[in-house]
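[1] Here is a sequence together with a model predicted from it:
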Amino acid sequence: MAPVPSFPIKVGHIDDVQELRKSKPATIPERFVRDMAERPKLAATLSSSPSDIPIVDLSKLMKRDKDEQKSEIMQLKTACEEWGFFQVVNHGIDLNVLESIEKVAKDFFMLPLEEKQKYPMAPGTVQGYGQAFVFSENQKLDWCNMFALGVEPPFIRNPKLWPSKPDDFRDTLEIYSREVRKLCKNLLKYIAASLGLKGDVFEEMFGVAVQAVRMNYYPPCPRPDLVLGLSPHSDGSALTVLQQGKDSSVGLQILKDNKWVSVQPIPNALVINIGDTIEVLTNGKYKSVEHRAVTHKEKDRLSIVTFYAPSYEVELGPIPELVDEKNPCRYRRYNHGEYSKHYVTNKLQGKKTLDFAKMESKTCA
Ligand SMILES: COC(=O)C(/C=C/C1=C(C)CCCC1(C)C)=C/O[C@H]1C=C(C)C(=O)O1
Ligand SMILES: O=C(O)CCC(=O)C(=O)O
Ligand SMILES: [Fe+2]
């Protein structure tokens, strides 16, 4: 079942933030100004310096030498248990591929508005150019332009939304997505091993995995203290792969021990995070962590994000091996298509979206 909303939506006028910046307004429009409690602390006043989220070396995970491999699997396990985020190095994706996707994404966002608007994200949907997750006129807006496309399996694609400019966009996205898909499969194998499970457990369970890409462009903002680039949320995917633009400002923040900490980009590394689906499958042993993006006064920022998730047909719930007396069942069984629909028909709301899967009684069905 494909995730589409089935209710009428009135979102009012949504300013395009790149155009807004060009017009240099004296004040930030009210719809972007966050309530006090939500406003970000600027880097200079953050209680902690940018975080050193764990680093995982894929080439070590793939080592034949079992001791070396084991120690990297332990590093992966700690990253998943304590952070829900890590940066992967030596991931095997050619630098040219990373550079090419960054170039076409940037080139796309730099096109005139009329060109980008040929691929509009209809209100309440998640594919195309615009702002996703806006469902009402009084909802606060993010200081971000998004361009999102379903990639795999082919039936989730909307070919009308694949842009003809820049002319190498489509081929570049195909190549990039193939490489990122391999990386996700590989990482899931080692994540399974880190849980003491068979390497192919996720692959077997997921069927033909759903894969989507979202490109986020955050123009500089004259008042970064008042707005958010992207509202706090956890990802609905199993795994998310995030590539940060080379000369971009630092902008990704994760909620660690109740504090927002910034993720310092490592050149050519990819940021990986655990999505809601892995939280459910591991019965909460590995949690999806809330994150957000903040903006910068002078610098822009680009991120290219891949969501990797099970097929819509898959019924899932906590893996029996991860449920016992000490770890009672925390989530019910559900259909992933239903969860996808629930996710894309609600605003980004921290971890609240995952309430969908929380158990009322204490026994797994
Ligand atoms: C703007 O889009 C998202 O943030 C998003 C949506 C992804 C999708 C598409 C762009 C096309 C159709 C499939 C899908 C819903 C995955 C986030 O994706 C998360 C949310 C869920 C659920 C998920 O699997 O990834
Ligand atoms: O731009 C970022 O760093 C965050 C992007 C993100 O969390 C998302 O697209 O889900
Ligand atoms: Fe995210």
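    Okay, I see it. Numbers count the residues shown, from 1 in each chain. Ligands and ions are numbered 1, 2, ... in the order given.

[2] any idea of the pLDDT on Thr363?
    The score at Thr363 is 65. That number is its pLDDT.

[3] And for Thr45?
    For Thr45, the model assigns a pLDDT of 46.

[4] Same check on Lys41?
    Turning to Lys41, the model gives it a pLDDT of 84.

[5] So it, which state does it fall into?
    Of the three states, Lys41 takes coil under DSSP: H, G, I helix; E, B strand; the rest coil.

[6] what's the neighbour count on it?
    Other residues near Lys41 come to 13 when the count uses other CB atoms under 10 Å. The way it works is simple: take the backbone N, C-alpha and C, and place the C-beta from them, glycine included.

[7] Same question for Ser100.
    The criterion is other CB under 10 Å. On that basis, Ser100 has 18 neighbouring residues.

[8] ditto for His91
    When neighbours are counted by other CB under 10 Å, His91 registers 22.

[9] Report the spatially nearest residue to it, omitting neighbours in sequence.
    For His91, the nearest residue in space outside its immediate sequence neighbours is Leu58; the separation is 4.9 Å by CB to CB, 6 or more residues apart in numbering.

[10] Report the contact partners of that neighbour.
    Taking CB atoms under 8 Å, 6 or more residues apart in numbering as the definition of contact, the neighbours of Leu58 are Val88, Val89, Asn90, His91, Gly92, Leu183, Asn186, Leu187.

[11] ok, now Lys106?
    Counting by CB under 8 Å, 6+ apart, Lys106 touches Tyr217, Gly245, Leu302.

[12] mind listing what's buried in the longest helix anywhere in the chain?
    Secondary structure assigned by DSSP state H gives helix 169-194 as the longest helix of the chain. Neighbour counts over helix 169-194 (16 or more other CB atoms under 10 Å) mark 169, 172-173, 175-177, 179-181, 183-194 as buried.

[13] Would you mark the buried spots in the next helix or strand along the chain from that helix?
    Per DSSP states H and E, helix 169-194 leads on to helix 201-206 as the next helix or strand towards the C-terminus. Buried residues in helix 201-206, defined by neighbour count with 16+ other CB under 10 Å: Val201, Phe202, Met205, Phe206.

[14] Run a quick check on Gly124 versus Phe135, I expect a contact.
    Yes: with contacts counted by CB atoms under 8 Å, Gly124 reaches Phe135, the gap being 6.6 Å.

[15] that older thread, most surrounded residue in the contacts of Lys106?
    If you count neighbours using other CB under 10 Å, the busiest of the contacts of Lys106 is Tyr217, which has 24 neighbours.

[16] Report the beta-bridge partners for that residue.
    Using DSSP bridges, the bridge partners assigned to Tyr217 are Asn145, Leu302.

[17] Likewise for His291?
    Under DSSP bridges, the residues paired with His291 across the bridge are His233, Ile254.

[18] joint contacts of Gly124 and Phe135?
    Shared contacts of Gly124 and Phe135, defined by CB under 8 Å, 6+ apart, are found at Ile9, Thr345.

[19] Looking at the two, which is more packed in?
    Here Gly124 and Phe135 are compared on neighbour count by other CB under 10 Å; more neighbours surround Gly124, at 18 against 15.

[20] What distance do you get for that one to ligand 1?
    Distance, Gly124 to ligand 1, by CB to the nearest ligand atom, to the nearest Å: 11 Å.

[21] and what of Ile93?
    When distance is defined by CB to the nearest ligand atom, Ile93 is 20 Å away from ligand 1.

[22] Whatever residue of the chain ends up closest to ligand 1 in helix, strand or coil?
    At 2.8 Å from ligand 1, Gly236 is the closest residue in the chain, using CB to the nearest ligand atom. Secondary structure, three-state DSSP: Gly236 is coil.

[23] hmm, back to that, got the buried residues of helix 201-206 as TSV, with distance to ligand 1 and pLDDT columns?
    Formatted as TSV, the entries for those read as follows, by distance: CB to the nearest ligand atom, whole Å; pLDDT from 0 to 100:
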residue	distance to ligand 1	pLDDT
Val201	18	98
Phe202	14	98
Met205	14	98
Phe206	11	98
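
[24] can you redo these as CSV with distance to ligand 2?
    Rendered in CSV, the data for those read as follows (distance: CB to the nearest ligand atom, whole Å):
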residue, distance to ligand 2
Val201, 25
Phe202, 20
Met205, 23
Phe206, 20
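
[25] Pick out whichever of those sits closest to Ile254.
    Ranking these by separation from Ile254, with CB to CB as the measure, puts Phe202 on top at 22.9 Å.

[26] For that closest one, which non-adjacent residue is spatially closest?
    Using CB to CB, 6+ apart and skipping the chain neighbours, the partner closest in space to Phe202 is Leu188 (4.3 Å).

[27] Surely that neighbour and Ser237 touch.
    No: under the contact definition of CB under 8 Å, Leu188 does not touch Ser237, with a separation of 11.4 Å.
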